[in-house]
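> Fold the following.
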Amino acid sequence: MPRPQVAFALVILFSWLLLHLYRGVVNDAVVYAMQGLIHLHASPFRQDIFFRFGSQDRYTLFGVLYAPLIGVLGLEHAAAALWIGSQVALAAAAWTLARRLMDEREALLAIGLLFVLELSYGAQGVFFVVEDFLTPRLLAEALVLWSIAAALDRRGMKKSAVLLAAALLIHPLMAAAGVGVVVWIRMIAPRARGAAFWVALASAAMIAAVMLSGGALMHARMDLSWLALLAQNTPYLLPSRWATTDWARTAVPLITLWMAIRVLPAGEHRTLAVGALVVALTGLALAVLAETLRITLLIQAQPWRWQWTATVVATLSLPPLAMRLVRAHAAGRAALLLLIATYLLHDLLYCLPIGASAVFLSRRAGSASRSGSSPVSPASPLPSASPALPAGQESTAVRLAVWCALGLVGVALAWDVLMRVYSAGMPFEPVPGAPGIEMARRLMRDSALPALLLSGVWSYTFFSHQRIRCAVVSATACLGCLLLLPVTFAQWTHVGLTAGLYRAFQPWRQRIAPEAEVLWPKNPLDAWVLLDRPSYLSGPQLGAELFSRPAAMVLARRMRALRPFLALEGVSGTRLPAGWSYEPQSLTDLCAASDLRYVVTRQTLAAAPLAVAPAAAGSGFAGLRLYACPAPP
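All right, here's what the predicted structure looks like:
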């Protein structure tokens, strides 16, 4: 008979395979693929607009480490291998930290929640803790979590410092949050009486330095034109451009941490929760300050990203927090129900007053929990609620709060189900050959329902004396994994940019001048890999705007000149204002408005193409045409 731990681990594996299907070299994975390729083949790609004026590649060693793996395995196999390794590392690091804070059963549920909840941070759903494509953020997160776990051990400071240094070399923006949390754990929290004073003093000193500095910091202010470009093309970088739904999502993990601080007993877990909360709030304050004062370095540092540690710690805190609330009489159960409603309504402003009510009730629950109950031992059965208090002791207000919380959970569940039905018809990443899996992923994305289902399976697996239940759970999870394995393996091993495809585009390469930029707007890797040419402009390359003003100005000029064309191509940030015409530009228009030399598109540009898509390229490239601007006189 399988052990409950093994059975539930299989459930987590099934959930990961279903909800985190590898998506290939897409989104930010394109940018990091370019960084790897440039360390393999520097010329002619150094003249690509993304690298010409400097890029984020100068702040990380990821491209240097990525390049040799690309050389051995090829781009797409290297990306898949690194992604799988990073996912395993993240799970192992989260497990190490969770076991430091809680027992084995709760740690298993915490890891499951980490992978079934869609944990975003920042605005517009751009960044997620668990990403379905390769970025150095995943590996940096793993290193930071290992570092935090080591820092909680008094003998682990050297190990923590080494891990933090490695994270800083991989992705300094993500590692900065870990530095803040470790500093809190090792330097500020042990001096609890002076912690608030030192935090306030450091914050005041930082703000004073920024406000009074007449030196390099203030001279490096971002001018209004540069800032306006960021607001237009990458608004998630600027807190003033965040929508109310973004702030609601940001508040949910902070509310969870606040409740954990109130409910959990004094110790490592509460210290970590306080540190994660302080770092997240400090990051948000610095982000607002940076935008207000237009401080280039701080805007580029994106301190709002420090929320990711708060999001992870809040998620790992959910199982022990829920267990203590269940044992803390009616107030605790009401607080837990309100917290569930907060997660179900996480993208609506209504979650804020509901979460605040949960925090208020958790204060009473926390005092009851710390005074009257002890942590659940691994061998104990599912904890029942504490014995009911005499009729006069449980106030009518608390009983009413429980019933109101139940009603709110019901309303929130109904809303979430309606959103699932609505999501079923929304565009989503297709899963080739598996429409059932694609529909399941559509129904479960951006929802707390998978977390509730996982919690129910956890209770069913662990809190029962019937060992047959473990066998049922194990068999069901194994069957699910087997059904998902063919699709998963196909995604892991898929290669789109093959050697045969490269050979098929040989006639195009012969017609394009060496080192000439090519406008192939969908994906810069098409120009890089298939044509051996730098890309003129594409959506992923807009990220160069943040780290270089000259690059931002060049990109802005090109986007203004080609905006109607780019809008029809679906390039981000090029949607035309109301009243503008979406009529296609001709080749003559494109060439006259810019310094463009070559264009690859399916649009008809009222000119004879230089070449059409090779027949051997396949249906994915059918209809593409290569156009060339006339040589200047």
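> Next one: the residue nearest the centre of the chain from residue 494, what distance?
Centroid check for the chain by C-alpha atoms, centre = their mean gives residue 128 as the closest residue, at 1.3 Å. Counting by C-beta to C-beta, to the nearest Å, the gap from residue 128 to residue 494 is 21 Å. The C-beta positions use only the backbone N, C-alpha and C, and glycine is treated the same way.
> what do you get for residue 182?
The spacing between residue 182 and residue 494, counted by C-beta to C-beta, is 39 Å.
> which of those two has more neighbours?
The neighbour count for residue 182 versus residue 494, taken as other C-beta atoms under 10 Å, is higher for residue 182 (23 against 14).
> State the number of residues packed around the residue lying closest to that one once chain neighbours are set aside.
If you skip the residues right next to it in sequence, residue 182 has residue 151 as its closest partner in space, 4.5 Å away by C-beta to C-beta, 6 or more residues apart in numbering. Applying the criterion other C-beta under 10 Å, we find 25 residues in the vicinity of residue 151.
> Let me know how buried residue 170 is, in neighbour terms.
Each residue near residue 170 was counted by other C-beta under 10 Å, and the total is 23.
> ugh, wrong one, residue 300
Taking other C-beta under 10 Å as the criterion, the count of residues near residue 300 is 17.
> Can you name the element that comes right after the helix or strand harbouring it?
When secondary structure is defined by DSSP states H and E, residue 300 falls within helix 296-301. Elements were assigned by DSSP H and E; along the chain past helix 296-301, the next helix or strand is helix 307-326.
> gap between the helix or strand that that following helix is followed by and the chain center?
Once helix 307-326 ends, the next helix or strand along the chain (criterion: DSSP H and E) is helix 329-344. The gap between the average C-alpha position of helix 329-344 and the chain average comes to 26 Å, counting by C-alpha atoms, centre = their mean, to the nearest Å.
> Just give the number of residues close to the closest residue to residue 552 other than its chain neighbours.
Leaving aside its sequence neighbours, residue 552 sits nearest to residue 545 (C-beta to C-beta, 6+ apart; 4.0 Å). Neighbouring residues of residue 545 were enumerated by other C-beta under 10 Å; the total is 22.
> Pull the contacting residues for residue 545.
The contact partners of residue 545, taken as C-beta atoms under 8 Å, 6 or more residues apart in numbering, are 226, 229-230, 233-234, 551-552, 555-556.
> One more pass at 7 Å, please.
Counting by C-beta atoms under 7 Å, 6 or more residues apart in numbering, residue 545 makes contact with 229-230, 233-234, 551-552, 555.
> That one: helix or strand, and which one exactly?
When elements are defined using DSSP H and E, residue 545 is found to belong to helix 544-547.
> what about that helix, average pLDDT?
Within the predicted structure, the mean pLDDT of helix 544-547 is 90.
> What's the first helix or strand after it?
Heading C-terminal from helix 544-547, the first helix or strand you meet, by DSSP H and E, is helix 549-569.
> Buried residues of whatever helix or strand comes next after that following helix, list them for me.
Following helix 549-569 in sequence order, the next helix or strand is helix 587-593 (DSSP H and E). Taking 16 or more other C-beta atoms under 10 Å as the neighbour-count basis, helix 587-593 is seen to contain the buried residues 587, 589-591, 593.
> Under the pLDDT cut-off, which ranges of the stretch 51-200 of the chain? List them.
Judged by pLDDT under 70, the stretch 51-200 of the chain has its weakly predicted residues at 192-200.
> Show me the strands in it, by range?
Secondary structure of the stretch 51-200 of the chain (DSSP state E, counting those that start in this stretch): strands located at 120-121, 127-128.
> closest one to residue 310 among those?
Nearest to residue 310 among the strands of the stretch 51-200 of the chain is strand 120-121; the distance by C-beta to C-beta comes to 8.0 Å.
> Which other helices and strands does the closest one contact?
If you count contacts as 3 or more C-beta pairs under 7 Å, 6 or more residues apart in numbering; DSSP states H and E, strand 120-121 packs onto strand 127-128, helix 307-326.
> most packed of these?
Ranked by mean neighbour count under mean count of other C-beta atoms under 10 Å, the helices and strands packed on strand 120-121 are led by helix 307-326, which reaches a mean of 26.
> orientation of that helix relative to helix 329-344 in degrees?
Using axes from the mean of the first three to the mean of the last three C-alpha atoms, to 10 degrees, one finds that helix 307-326 and helix 329-344 are set 150 degrees apart in direction.
> picking that back up, C-alpha coordinates for the helix holding residue 545, CSV please?
What follows is helix 544-547, C-alpha atoms only, in CSV (Å, rounded to 0.1, in the frame of the first residue of the first chain):
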residue,chain,number,x,y,z
ALA,A,544,15.7,47.4,-24.8
GLU,A,545,13.9,50.7,-24.1
LEU,A,546,14.3,50.3,-20.3
PHE,A,547,18.1,49.9,-20.2
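> Can you give the distance of it from its chain's centre?
Mean-position distance between helix 544-547 and its chain equals 20 Å (C-alpha atoms, centre = their mean).
> returning to what we had before: tell me the spacing between the nearest residue to the residue nearest to the centre of the chain once chain neighbours are set aside and residue 546.
With sequence-adjacent residues excluded and distances taken as C-beta to C-beta, 6+ apart, residue 128 is closest to residue 120, at 5.2 Å. Counting by C-beta to C-beta, the gap from residue 120 to residue 546 is 20 Å.
> Likewise for residue 251?
For residue 251, the distance to residue 546 - C-beta to C-beta - is 26 Å.
> Between the two, point out the one with more neighbours.
When residue 251 and residue 546 are compared for neighbours, residue 546 comes out ahead with 22 against 18, by other C-beta under 10 Å.
> and the more buried one, what is it in contact with?
The neighbours of residue 546, taking C-beta under 7 Å, 6+ apart as the test, are 230, 234, 237, 300.
> From residue 488, how far out is the last one?
Taking C-beta to C-beta as the measure, residue 300 falls 37 Å from residue 488.
> Could you do the second one as well?
Using C-beta to C-beta, we find residue 234 at a distance of 32 Å from residue 488.
> Ok, the third one next?
Residue 237 sits 34 Å away from residue 488 when distances are taken as C-beta to C-beta.
> which of these two has more neighbours?
In this comparison of residue 237 against residue 488, neighbours counted by other C-beta under 10 Å, the higher total goes to residue 237 at 24 against 19.
> right, and that one touches residue 302 too?
Yes - under the criterion of C-beta atoms under 7 Å, residue 237 lies in contact with residue 302, with a separation of 6.5 Å.
> pull the helix or strand with minimum mean pLDDT from this structure.
For the chain, using mean pLDDT, DSSP states H and E, the weakest element among its helices and strands is helix 216-219, scoring a mean of 50.
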